[in-house]
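S.K.: Got a sequence here, can you build the structure:
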Amino acid sequence: AEHVLVVSADLPFLAGPTVGRLLSALAAGDADGVLLTDADGRDQPLVAAYRASALRRELTALARDRADRGAPAGGAHLTGLPLRRLTGALRLTRLPDAVASFDCDTWDDIATARARIREHGHVLDEWISAAKAELGIDLDVDTKVLLDLARDAAHGVARPAAPLTTFLVGYAAGRAQGGPEAVAETARKAAALALRWAEESADAGPDPERGKPDVAPDATPDTRPDA
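M.R.: This next block holds a predicted model:
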């Protein structure tokens, strides 16, 4: 590939638009690489886009220098070298971004990141990621589909039906050994059932023997992080 994108695994606020900025800036200029700088103005070479030819050139130069110093032959002798030995000779363009460059190296960093996530209303994404890690599952979760299903179950049946229905959907998809598509399909079926249930209850009129919504038909469950 002509370009190499490098992103470390501890960047909770890195998103697609930032990656696009890195790649666009690299393509538009003649620098060897484009990297982010953090809130203190420090280079973040692990959040960067580089020209592959420049990296190969500098890796070759490093290997030659190490060989001249008597290091063993082969790529292994480059392992453990400071990254600045590679990037220091490159012509770099810098993009300041205090948020996207924020990395989590300590527990205090993680606490700061979680506080920011809650502050900016992304607590659901953080919670889902934490829950998947704790439960040992790797599945893309369509949050909107499940929240819409919970809303339909709460409005059309009863409020406690919301968590119970989403559990049953997940259980059914798991039994079918399905992935995100199976979750979406079972959620669609459950939502259609909830709507039919609500219509039948409305047609039948008040009946103490039937379930009925315990919220107004036009109500929407409050899903704000601070609710």
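
S.K.: which is the next helix or strand following the lengthiest strand in the chain?
M.R.: Using DSSP state E to define each element, the chain has its longest strand at strand 43-51. Using DSSP states H and E, the helix or strand that directly follows strand 43-51 along the chain is helix 52-68.

S.K.: Shouldn't residue 94 be within a strand?
M.R.: Yes - Residue 94: assigned to a strand according to DSSP: H, G, I helix; E, B strand; the rest coil.

S.K.: just to revisit the earlier point, note down every partner strand of the longest strand of the chain and its orientation.
M.R.: Using DSSP bridges, the strands paired with strand 43-51 are strand 3-7 (antiparallel), strand 33-37 (antiparallel).

S.K.: tell me the angle the first one makes with helix 52-68.
M.R.: Computed with axes from the mean of the first three to the mean of the last three C-alpha atoms, to 10 degrees, the direction of strand 3-7 lies at 80 degrees from that of helix 52-68.

S.K.: try the last one
M.R.: Taking the same axes, to 10 degrees, one finds that strand 33-37 is oriented at 90 degrees with respect to helix 52-68.

S.K.: quick check: longest helix of the protein.
M.R.: When the chain is parsed with DSSP state H, its longest helix is helix 180-204.

S.K.: any idea how far it is from the chain center?
M.R.: Relative to the chain's own centre, helix 180-204 is displaced by 29 Å; criterion: C-alpha atoms, centre = their mean, to the nearest Å.

S.K.: before we move on, what about stretch 174-186?
M.R.: 21 Å.

S.K.: Use 4 as the first number for this chain going forward.
M.R.: All right, first residue 4 from here; so that's stretch 177-189.

S.K.: list the buried ones in it?
M.R.: Neighbour-count burial for stretch 177-189, counted by 16 or more other C-beta atoms under 10 Å, picks out 185-187, 189. From N, CA and C alone the C-beta is placed, and that goes for glycine too.

S.K.: and these as CSV, adding distance to residue 141 and pLDDT?
M.R.: Conversion of these to CSV gives the following (distance: C-beta to C-beta, whole Å; pLDDT from 0 to 100):
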residue, distance to residue 141, pLDDT
185, 15, 85
186, 13, 86
187, 17, 86
189, 19, 89
